[in-house]
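# Curious how this folds, go ahead:
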Amino acid sequence: MSKKPYNPFQTLMRVMSYMAKNKLQLFLVIFLVLLCSGAQVAGNYYLKPIINDYIAPMIGVAKENRVYDGLIFILTQLVIIYIVGVLSGYAYKYIMMNLSNRALNEMRKDLFNKMQDLPIKYYDTHQHGDIMSCYTNDIDTIREAMSEGFTAVVSSVVSIVGNFTMMLMLSPFLTLFIIAMSCLMVLIVKKFGSLSSRYFKKQQKSMGRVNGYVEEMFEGVKVVKVFNHEEKVCEEFEQLNNELRDAAIEANTYASIIMPIMGNLSYVTYALIASLGAFQVINGMLDIGSLASFLQYTRSFSMPITNLSQQFNAIFRALAGAERIFALIDEKSEVNDGKVTLVNVKEENGVLTECEERTGHWAWKHPHGDTFELVPL
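Numbering: from 1, shown residues only. Reported below is the predicted structural model:
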C-alpha cells in the first residue's frame, strides 16, 4: 500500500460520504437518535415532580384521604415517553443496519473496480493476502463502526448535552463538581485513545502482512517443499506472527483499560454527588425530588461518556482500516498510451468493416496516418 499520513478527519469524512449517498435514511436515523436520547433525558426529569408534587405530600396522610389521580396521570406520561424512546431506538438501529450495509456495498464495488484498472506491476509488488485483508478485516472494522459506532456517538453526544443542561437547571453547584470529574475522564480517554489508535493502525498492517505471507505460502507450497525451505518459511512466519501479536496486545491493552477506569470513576462520582446532595437537602439548599432527579442524571451523564470512550476504540480501528482501503482506491490507474484498439467488425466480400453492433468478430484497429488498418484476431 502507498504510505500516507494518518488523517482521521479526512478519512472519516470520506467514509461518511458513502453513507451520505442515502441522505433520507441518514437524516431519519439522526432524527430517531435525537428522539430516543431526548426521551431518556425527559424521563429522568419526571422524578422531580413525581417525588415533590405527588409522593412527598402523601407521606403521613391517611390512606383514605390520599388522591392518586395526578400520580397515575404523570406516571402514564412517563411510560409513554419511555415507549417512544424504545421504539425510536429499535427503528434507528434497524435503519442504520440497512444503511451501513449499503455503504459497504458501494465501498467494496469501488475497491473491486479499482483493482481492474491497476497495472499488473501492482500485483507483482504487493502481497495478495494484504489486498484480500482490505475485503475482510478492514471492511469488517468499518462495518462495526458504521452499524454501532455512528449512532452511539450521536446518541452519546446528545445525551451528554441534554443531561448537562438539565443538571445545570437542577443544581449549578453539583454540576460544577460533575464538570471537574468529566474533565478528568476526558483526559484519560484522550491519553489512552491516542495510544490505542497508534497500535490499532500497526495491528491492521501486521494482519495484512500475515495474511499475505500465508497466501503466498499456499500458492508456492510445492516450491517450498522442493527446495526444503520449510524451516525458513516457518521462521519468517513466526516473526510476522509475533509482530501481529505484539501490536494486538498493545492496542487491546490500552483499549481495554479505558472501560474499567471510566466505570470506577463514574461510581466514585456518583457516591460523592450523593453525599454532597444529601448535605444540601439536610440544610434546606435542595429539595429531595431535585436530588433524586440529579442523581439519575449523574448516572445517565457518565454512561454516555463511558460509551463514547468505548466507541472511540472501534472508530480508531475502522479509520485505520479505511485508510488502507482508500490507499488502494487512490492508487494510480494503468494508463493506456497505445493507439491500437479492439473493435467489432463484419465481413463483406472478404473485406473487414468496423461496425457498432456486436457481431462476435473482432479486429485490431491500427492507425496509419489518416487511415486505419483492421487486423483480424
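# where do the strands sit along the stretch 201-350 of the chain?
341-348 (DSSP state E, counting those that start in this stretch).
# What is the helix of greatest length in the chain packed up against?
Longest helix in the chain, counting residues (DSSP state H): helix 230-282. Counting contacts by 3 or more CB pairs under 8 Å, 6 or more residues apart in numbering; DSSP states H and E, helix 230-282 packs against helix 172-219, helix 288-329. All C-beta atoms are positioned from the backbone trio N, CA, C, and that covers glycine.
# Could I get those in CSV, plus columns for mean neighbour count and mean pLDDT?
Shown next, in CSV, are the helices and strands packed on helix 230-282 (neighbours: other CB atoms under 10 Å; pLDDT from 0 to 100):
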stretch, mean neighbour count, mean pLDDT
helix 172-219, 17, 80
helix 288-329, 22, 82
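# For Tyr68, which of those is the nearest?
Nearest of those to Tyr68, taken as CB to CB: helix 288-329 at 17.6 Å.
# Could you list which residues are in contact with the residue lying closest to Asn163 once chain neighbours are set aside?
Distances taken as CB to CB, 6 or more residues apart in numbering put Phe301 closest to Asn163, at 4.3 Å, once the chain neighbours are dropped. Counting by CB atoms under 8 Å, 6 or more residues apart in numbering, Phe301 touches 159-160, 163-164, 167, 178, 182.
# and the residues you listed, which of them are in helices?
If you go by DSSP H, these have 159-160, 163-164, 167, 178, 182 in helices.
# nearest to Asn44, of the residues you listed?
Of all the ones in helices among the contacts of Phe301, Asn163 has the smallest distance to Asn44: 7.5 Å, by CB to CB.
# Quick check: that closest one touching Asn44?
Yes: counting by CB atoms under 8 Å, Asn44 is a contact partner of Asn163 at 7.5 Å.
# Let me know how buried Phe112 is, in neighbour terms.
A count of nearby residues for Phe112, using other CB atoms under 10 Å, gives 10.
# pull the helix or strand with minimum mean pLDDT from this structure.
strand 371-376 (a mean of 56; mean pLDDT, DSSP states H and E).
# so what sits against both of Asn163 and Asn44?
297, 300.
# so where's the protein uncertain?
Applying pLDDT under 70 to the chain flags residues 1-6, 306, 309, 336-339, 368-377.
# Tell me who's in contact with the residue most central in space within it.
What sits nearest the mean C-alpha location of the chain, by CA atoms, centre = their mean, is Ala145, with 1.9 Å. By CB under 8 Å, 6+ apart, the residues touching Ala145 are 311, 314-315, 317-318.
# One more pass at 6 Å, please.
If a contact means CB atoms under 6 Å, 6 or more residues apart in numbering, then Ala145 has 314-315, 318 as its contacts.
# Tell me which strands the helix or strand hosting Lys365 pairs with, and in which orientation.
Using DSSP states H and E, Lys365 sits in strand 362-368. Each strand paired with strand 362-368, and its direction, by DSSP bridges: strand 341-348 (antiparallel), strand 371-376 (antiparallel).
# what are the C-alpha coordinates of the first one, in CSV please?
Pointing back at strand 341-348 there. Only the C-alpha atoms of strand 341-348 are listed here, as CSV (Å, rounded to 0.1, in the frame of the first residue of the first chain):
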residue,chain,number,x,y,z
THR,A,341,-8.0,-0.5,-30.2
LEU,A,342,-10.2,-3.6,-30.3
VAL,A,343,-13.4,-3.1,-32.4
ASN,A,344,-16.4,-5.1,-33.7
VAL,A,345,-16.2,-6.0,-37.4
LYS,A,346,-18.3,-7.6,-40.1
GLU,A,347,-17.0,-9.2,-43.2
GLU,A,348,-18.5,-8.4,-46.7
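# count of residues packed around the residue lying closest to Glu354 once chain neighbours are set aside?
Closest residue to Glu354 apart from its sequence neighbours, by CB to CB, 6+ apart: Val343 at 5.0 Å. For Val343, the neighbour count with other CB under 10 Å is 15.
# Which strand residues bridge Val343?
Note on Val343: beta-bridge partners Ala363, judged by DSSP bridges.
# which residues does Tyr92 contact?
The contact partners of Tyr92, taken as CB under 6 Å, 6+ apart, are 29, 32-33.
# and if we set it to 10 Å?
Counting by CB atoms under 10 Å, 6 or more residues apart in numbering, Tyr92 makes contact with 28-36, 99, 151, 154-155.
# which of these has the most neighbours?
Greatest neighbour count in those, by other CB under 10 Å, goes to Val33: 26 neighbours.
# where do the helices sit along the stretch 1-150 of the chain?
8-19, 23-45, 47-49, 56-58, 69-117, 120-125, 128-133, 139-144, 150-170 (DSSP state H, counting those that start in this stretch).
# how about the ones you listed, which one is nearest Phe326?
Closest to Phe326 of the helices of the stretch 1-150 of the chain, according to CB to CB: helix 8-19, at 6.1 Å.
# which other helices and strands contact the closest one?
On a contact count with 3 or more CB pairs under 10 Å, 6 or more residues apart in numbering; DSSP states H and E, helix 8-19 meets helix 23-45, helix 69-117, helix 150-170, helix 288-329.
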